[in-house]
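> Mind folding the following:
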Amino acid sequence: MPHLCVRRTDIPKGVLQVLDLWPNTSQRNSVIDPEGQTRYLSSPTHDSVSLTAFATVEAYEGLGAYLVDNVVAAGVGAGTGAFTATQANTAAAALLVIMRAGGALTEALVNTALSVVVATTGIATGGSTGSVAGLLKVLSNGRYVVPAGALVEAGGNKEPAAGDFDETYWKPTVQSGALEISRLRGQLAAMKAATFVYRGTAAAAVVVYGDDGSVL
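Now for the predicted structure:
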């Protein structure tokens, strides 16, 4: 599943709209056509996480919440516990920097970034339940929410993930010929280009990722 991520922070929600994916939501045949692919693109929500006695102080949404809920710090080595709030927020900020620069987010590259924060830390390994697909879903504005009072660690061991994705407003992007045309020659191609202009500033607005975190 491709993931469409907004790189720029100066473009508000409700501005970037993709209309050349099939089927167009307003023109689709509701009987025979799949879910419409027309959508607005938005930057991901990124709450700063706080913990008290290893429990979330309030409900949190975004990348930091996903990491503190799904990553075992140093789990590839000897670690068994969760990230601290500071570590989760630092790791989230590092991954956002990579995305906003249009860089790849493969498992190896994600694990390298996480291991800068805490050595020998990774997703989908060492007890972590995170994944590249989950990270990309958050970065493409999927809502991952951890509830208030969620315990992330007990007795020095990472607790099972307490959060989940809110699918209410989530619309997956379908790999299709229309998507390929859009990203190579259409609206996504224009948004991906360094020449894309918004309010007088030229810079790439969007990066498109494949399932494995490679840049398409």
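
> Tell me which helix or strand comes right after the worst-scoring helix or strand of the chain on mean pLDDT.
The weakest-scoring helix or strand in the chain, judged by mean pLDDT, DSSP states H and E, is strand 39-41 (a mean of 90). Using DSSP states H and E, the helix or strand that follows strand 39-41 towards the C-terminus is strand 51-52.

> quick one: strands adjacent to the least confident helix or strand of the chain?
As defined by DSSP bridges, the strand partners of strand 39-41 come to strand 16-18 (antiparallel).

> Buried residues in the partner strand, which are they?
Of all the residues in strand 16-18, those buried under the rule 16 or more other CB atoms under 10 Å are 16, 18. C-beta here means a position set from N, CA and C on the backbone, and glycine is covered the same way.

> I'd like the average pLDDT over that strand.
For strand 16-18, mean pLDDT rounds to 94.

> For that strand, what is the distance to the chain centroid?
Put simply, strand 16-18 sits 18 Å off its chain's centre (CA atoms, centre = their mean, to the nearest Å).

> same question, stretch 9-24
With CA atoms, centre = their mean as the basis, stretch 9-24 stands 17 Å off its chain's centre.

> what do you get for stretch 141-150?
A distance of 13 Å separates the centroid of the chain from that of stretch 141-150, by CA atoms, centre = their mean.

> And for that stretch, what's in contact with it?
If you take CB atoms under 8 Å, 6 or more residues apart in numbering as the criterion, stretch 141-150 is touched by 5-6, 41-45, 49, 55-63, 65-66, 68-69, 134, 137-138, 162-166, 168-170.

> Kindly recompute the last result at 6 Å.
Identification of contacts with stretch 141-150 by CB atoms under 6 Å, 6 or more residues apart in numbering yields 42, 44, 55-56, 58-61, 65-66, 69, 138, 162-163, 165-166, 170.

> Stretch 97-112 now?
5, 7, 122, 123, 132, 139, 207, 212, 213, 214, 215.

> looking at this, residue 173 is in a strand?
No: counting by DSSP: H, G, I helix; E, B strand; the rest coil, residue 173 is not part of a strand but coil.

> what's the average pLDDT for stretch 206-216?
What stretch 206-216 shows for mean pLDDT is 97.

> and the gap between residue 77 and residue 126?
8 Å (CB to CB, to the nearest Å).

> What is the burial count for the nearest residue to residue 17 once chain neighbours are set aside?
Closest residue to residue 17 apart from its sequence neighbours, by CB to CB, 6 or more residues apart in numbering: residue 40 at 5.2 Å. For residue 40, the neighbour count with other CB atoms under 10 Å is 13.
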